[in-house]
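Colleague: this is the structure alone, sequence omitted:
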Ligand SMILES: [Zn+2]
Ligand SMILES: [Zn+2]
């Protein structure tokens with residue numbers, strides 16, 4: 001039913017829907033004061049809820065039937081708005097003029113935003129800018145070996161420090177020359193290939209999980 005006909009029915013709470021059942025998608029039009037249209041792959045039209053609305057014609061509160069998915073949409077409102085707002089603050093800007101660039105970058109923005117929400121939920125305390133900056137720095141340092149930051153000798157929070165604690169692909173291997181262990185500072189014949197730092201086997205775990213000195 002198109003919106004005009006639905007509106008013509010003039011009974012608030014009337015709704016119509018169309019399903020693509022093999023893909024589990026439903027589109028619902030619901031006549032509140034105006035027509036509300038919603039698509040969902042999560043919830044259907046049933047069960048129906050009863051909500052209170054003020055009727056101007058009858059000058060009193062009336063009860064209106066409301067499809068299930070519109071009900072949960074209303075009660076969970078705010079998530080999408082917050083996401084949109086956060087993304088708009090630090091949106092990826094691409095100079096290319098290809099029409100699909102924004103589609104790709106928006107997906108990345110959304111992933112980052114969701115990850116940041118999880119980060120905060122788990123007790124993290126980065127603001128969004130710092131969170132995004134960390135991702136960028138880590139990706140740069142992890143994917144380009146020759147890319148090094150000249151920031152003096154591993155000040156705290158330098159990218160090297162981040163790599164050291166990322167618990168990813170650190171491998172201990174024998175080395176020809178003896179160097180100082182990055183953890184206990186005694187001479188060692190093994191090193192971490194990823195960190196490119198001398199480290200004893202016995203210090204390997206501590207070196208990658210805690211800081212000393
Ligand atoms: Zn050591
Ligand atoms: Zn390492």
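Modeller: Perfect, thanks for sending it. For clarity, every value in this text was computed on a predicted model and none was experimentally measured. Numbers count the residues shown, from 1 in each chain. Ligands and ions are numbered 1, 2, ... in the order given.

Colleague: pull up the gap between the spatially most distant residue from the centre of the chain and residue 12, please.
Modeller: Largest separation from the mean C-alpha position in the chain: residue 58, at 45.9 Å (CA atoms, centre = their mean). If you measure residue 58 against residue 12 using CB to CB, to the nearest Å, the figure is 10 Å. Where you see a C-beta, it was placed from the backbone N, CA and C, and this is true even at glycine.

Colleague: give me the pLDDT for the residue farthest from the centre of the chain.
Modeller: Looking at residue 58, its pLDDT stands at 77.

Colleague: anything in stretch 126-144 near ligand 2?
Modeller: No: Stretch 126-144 does not reach ligand 2 (CB under 5 Å from the ion); its nearest approach is 12.2 Å.

Colleague: identify each buried residue in that stretch, please.
Modeller: Residues of stretch 126-144 classed as buried: 128, 131, 132, 137, 141, 142 (neighbour count, 16 or more other CB atoms under 10 Å).

Colleague: in helices, which of these fall?
Modeller: 128, 131, 132, 137, 141, 142 (DSSP state H).

Colleague: adding distance to ligand 1, write those residues out as CSV.
Modeller: Shown next, in CSV, are these (distance: CB to the ion, whole Å):
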residue, distance to ligand 1
128, 38
131, 33
132, 35
137, 27
141, 24
142, 25
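
Colleague: for the nearest residue to residue 164 once chain neighbours are set aside, give me its contacts.
Modeller: Once flanking residues are discounted, residue 164 sits nearest to residue 195: 5.5 Å by CB to CB, 6 or more residues apart in numbering. Residue 195 makes contacts with 160, 163, 164, 170, 182, 207, 208, as judged by CB atoms under 8 Å, 6 or more residues apart in numbering.

Colleague: how deep is the third one tucked in, by neighbour count?
Modeller: By that I understand residue 164. 21 (other CB atoms under 10 Å).

Colleague: got the phi and psi for it?
Modeller: Dihedral pair for residue 164: phi -60, psi -30, per degrees, to the nearest 10.

Colleague: hmm, residue 129 is touching residue 86, no?
Modeller: No: counting by CB atoms under 8 Å, residue 129 does not reach residue 86; the two are 10.8 Å apart.

Colleague: can you give me the helices in this structure?
Modeller: All helices of the chain, identified by DSSP H, fall at 3-8, 68-75, 79-89, 101-121, 128-143, 159-164, 201-209.

Colleague: how about these in JSON lines, adding distance to residue 16 and mean pLDDT?
Modeller: Formatted as JSON lines, these follow (distance: least, CB to CB, whole Å; pLDDT from 0 to 100):
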{"stretch": "helix 3-8", "distance to residue 16": "6", "mean pLDDT": "65"}
{"stretch": "helix 68-75", "distance to residue 16": "13", "mean pLDDT": "79"}
{"stretch": "helix 79-89", "distance to residue 16": "24", "mean pLDDT": "82"}
{"stretch": "helix 101-121", "distance to residue 16": "30", "mean pLDDT": "91"}
{"stretch": "helix 128-143", "distance to residue 16": "41", "mean pLDDT": "85"}
{"stretch": "helix 159-164", "distance to residue 16": "54", "mean pLDDT": "70"}
{"stretch": "helix 201-209", "distance to residue 16": "59", "mean pLDDT": "92"}
